[in-house]
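coords below, sequence missing:
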């Protein structure tokens with residue numbers, strides 16, 4: 001009984017891994033509805049402001065890709081801007 005449940009969960013896990021991989025590839029290849037905005041890039045650092053004792057996102061940030069501005073990089077991109085050096089950000093847990 002327990003072995004059957006484990007097998008079912010492993011199968012479900014494999015299906016979910018495949019789905020995540022396909023979605024990640026779609027995002028990186030510019031698929032329909034692709035959010036290639038700077039706010040999703042691993043090189044984008046969001047700026048915050050402090051109001052009423054709390055930190056809140058502001059409509060600004062900076063890029064740490066190291067790509068010079070004269071080669072298409074952006075020094076202070078807005079969160080919804082994009083550049084040719086976009087790399088999808090991931091968060092390890």
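Perfect, thanks for sending it. Here the structure is a predicted model, which means the values were calculated and not measured.

So, low pLDDT: which residues of the protein?
Where the chain drops to pLDDT under 70, the residues are 29-35, 70, 72, 91-93.

Residue 4 in helix, strand or coil?
Using DSSP: H, G, I helix; E, B strand; the rest coil, the structure places residue 4 in helix.

where's it relative to residue 10, distance?
11 Å (CB to CB, to the nearest Å). Yep, even glycine has a C-beta here, placed from its N, CA and C like the rest.

Same question for residue 19.
Relative to residue 10, and taking CB to CB, residue 19 is found at 15 Å.

What is the longest strand seen in the chain packed up against?
Criterion DSSP state E: the longest strand present in the chain is strand 54-63. Using 3 or more CB pairs under 8 Å, 6 or more residues apart in numbering; DSSP states H and E as the contact test, the elements touching strand 54-63 are strand 44-51.

tell me what the strand it packs on is packed against?
strand 54-63.

Tell me which residues are up against the strand it packs on.
Residues outside strand 54-63 that contact it (CB atoms under 8 Å, 6 or more residues apart in numbering) are 38-39, 41, 43-50, 73-79, 83.

And these, which of them are buried?
Buried by 16 or more other CB atoms under 10 Å: 38-39, 41, 43-44, 73-74, 77, 79, 83, out of those.
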